[in-house]
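A.B. asks: Below: sequence and its predicted model.
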Amino acid sequence: METINNELVMWLQQMGAAEGLAKWIIRIGVFLVILLIIYVFDRICRKTIIPLVQKLTSKTQSTWDDYLLSEKVLDNVCHLVPPVVFYALIPLAFSAESNLLALLLKACHIYIVVIAMKLVCAVITSLYTISSEHEKLKNHSLKGFYQMLKLLVVCVGAIVIIGELIGKNPITILAGLGAGAAVLMLVFQDTIKGLVAGIQLVANDMVRVDDWITMPKYGADGDVMEVSLTTVKVRNWDKTITTVPPYALVNDSFQNWRGMFDIGGRRVKRSINIDMNTVRFCTEEELAYFKQQPWMEGFEETGKEEVNLYIFRHYVMYYLTHHPKVNQEMIMTVRQLQPTAHGLPIELYFFSANTAWLRYEHLQAEVFDHVLAMLHQFDLKVFQSPTGLDVQKLASEK
């Protein structure tokens, strides 16, 4: 190439051009040819190679290649081709001792590093998308891990660029950063703590996207929207958004309701207070009537005299075991609690077959509506404190 350049310079001199001018004309001409070659490579890459790759990936049944060779990844690859070609061909336009050549090579090298960083980050994004749709990985919060990989790529790229600008080996710069590690740890402490917490959350499967968590300390009570490197976003039931640091989920206590949804039952644990003055033995007529009812099936007699509250608890148990919206495979009981000044609490403990909040509330209300309405058939009454109407009624009786 040097011989061809010399012959072209001699030819231009014969045409009357000065030696310096002839050399610059040759350099500019070679530079323009290099730009033309770069343009051709770029067009070939964008108009031929990318459509061909997209056509091949669209014909495959798997989806991972569609993400890994996505339009963004291929676009960054095309951006990488021109500077690589320029870096390889530009020495042909200038002599090795030229300061301009050194400047162009340095600028081209930095540009290649920047594009390579973007390409690697785009590949990491594609890997995150693939893992988010994978059957075994989609329930794990991996966004923070991939964000840390991107941060690591950017840091390495920045060190390489700084080394190129100051003319130092990047490894030497990296070794020199050891002295400032304490300062870096102080600056990036939230990021480092978030990374460690994110690894613990994933490894221990403590929280996933769409989990319902409760964390009163941070005012969080709702579904997890996102688990990233520095924040966990929770959409509360009032549609507000609460952000919680990932390490807070590791260091502090929080309640995850995922287990309730996994087993397919949501617990109902409520009680009604019975007026103890209404608890008594049943008459023979009442027992005869009760024994004719279908819900007396399986009733275990305690003796000659039966208590109305005992029969009532048997009825409620029968009602729950035959209710289609109650989970029949989980624990169920109707029990007495410690008597109080407000009556005798009768607790209903069972699980709904549907874990959705509205359906759960409807079932709970339906069951207790029925139980309250059935009390009078057993001559039982609910205890409630005197109201203004009670006082007015007593005053009128006087």
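C.D. replies: Ah, there it is.
A.B. asks: Pretty sure residue 316 sits against residue 347.
C.D. replies: No. When contacts are counted by C-beta atoms under 8 Å, residue 316 is not listed as touching residue 347 (10.5 Å). In short, each C-beta sits where N, CA and C put it, glycine included.
A.B. asks: what residues are shared contacts of the two?
C.D. replies: Jointly contacting residue 316 and residue 347 under the rule C-beta atoms under 8 Å, 6 or more residues apart in numbering are residue 334.
A.B. asks: Pick out whichever of those two has more residues nearby.
C.D. replies: Ranked by neighbour count (other C-beta atoms under 10 Å), residue 316 and residue 347 place residue 316 first, with 20 against 14.
A.B. asks: just so I have it, where are all the strands in the stretch 201-350 of the chain?
C.D. replies: Secondary structure of the stretch 201-350 of the chain, counting by DSSP state E, counting those that start in this stretch: strands at 212-215, 220-227, 232-236, 241-244, 255-256, 266-274, 333-336, 344-352.
A.B. asks: TSV for these, including mean pLDDT and distance to residue 150?
C.D. replies: Output for the strands of the stretch 201-350 of the chain, formatted as TSV (pLDDT from 0 to 100; distance: least, C-beta to C-beta, whole Å):
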stretch	mean pLDDT	distance to residue 150
strand 212-215	90	26
strand 220-227	87	16
strand 232-236	90	19
strand 241-244	90	20
strand 255-256	88	28
strand 266-274	93	40
strand 333-336	94	53
strand 344-352	95	44
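A.B. asks: now those strands in JSON lines, with distance to residue 40?
C.D. replies: What follows is those, written out as JSON lines (distance: least, C-beta to C-beta, whole Å):
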{"stretch": "strand 212-215", "distance to residue 40": "56"}
{"stretch": "strand 220-227", "distance to residue 40": "44"}
{"stretch": "strand 232-236", "distance to residue 40": "48"}
{"stretch": "strand 241-244", "distance to residue 40": "50"}
{"stretch": "strand 255-256", "distance to residue 40": "58"}
{"stretch": "strand 266-274", "distance to residue 40": "66"}
{"stretch": "strand 333-336", "distance to residue 40": "81"}
{"stretch": "strand 344-352", "distance to residue 40": "69"}
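A.B. asks: Ok, which of those strands comes nearest residue 375?
C.D. replies: strand 266-274 (8.0 Å; C-beta to C-beta).
A.B. asks: Would you mark the buried spots in the closest one?
C.D. replies: For strand 266-274, the neighbour count (16 or more other C-beta atoms under 10 Å) marks 266, 268, 271, 272, 273, 274 as buried.
A.B. asks: Likewise for stretch 329-345?
C.D. replies: 330, 332, 334, 343, 344, 345.
A.B. asks: got the contact list for the closest residue to the fourth one other than its chain neighbours?
C.D. replies: This means residue 343. Closest residue to residue 343 apart from its sequence neighbours, by C-beta to C-beta, 6 or more residues apart in numbering: residue 383 at 3.0 Å. Shown in contact with residue 383 (C-beta under 8 Å, 6+ apart): 273, 274, 275, 276, 342, 343, 344.
A.B. asks: between these, which is nearest residue 309?
C.D. replies: So of the contacts of residue 383, ranked by how close each gets to residue 309 (C-beta to C-beta), first place is residue 274, at 6.6 Å.
A.B. asks: Quick check: the gap between residue 72 and residue 342.
C.D. replies: Distance of residue 72 to residue 342, given as C-beta to C-beta, to the nearest Å: 66 Å.
A.B. asks: now residue 42
C.D. replies: 83 Å.
A.B. asks: Kindly report the domain assignment for this structure.
C.D. replies: 2-138, 140-145+166-256, 261-378 (automatic domain parsing).
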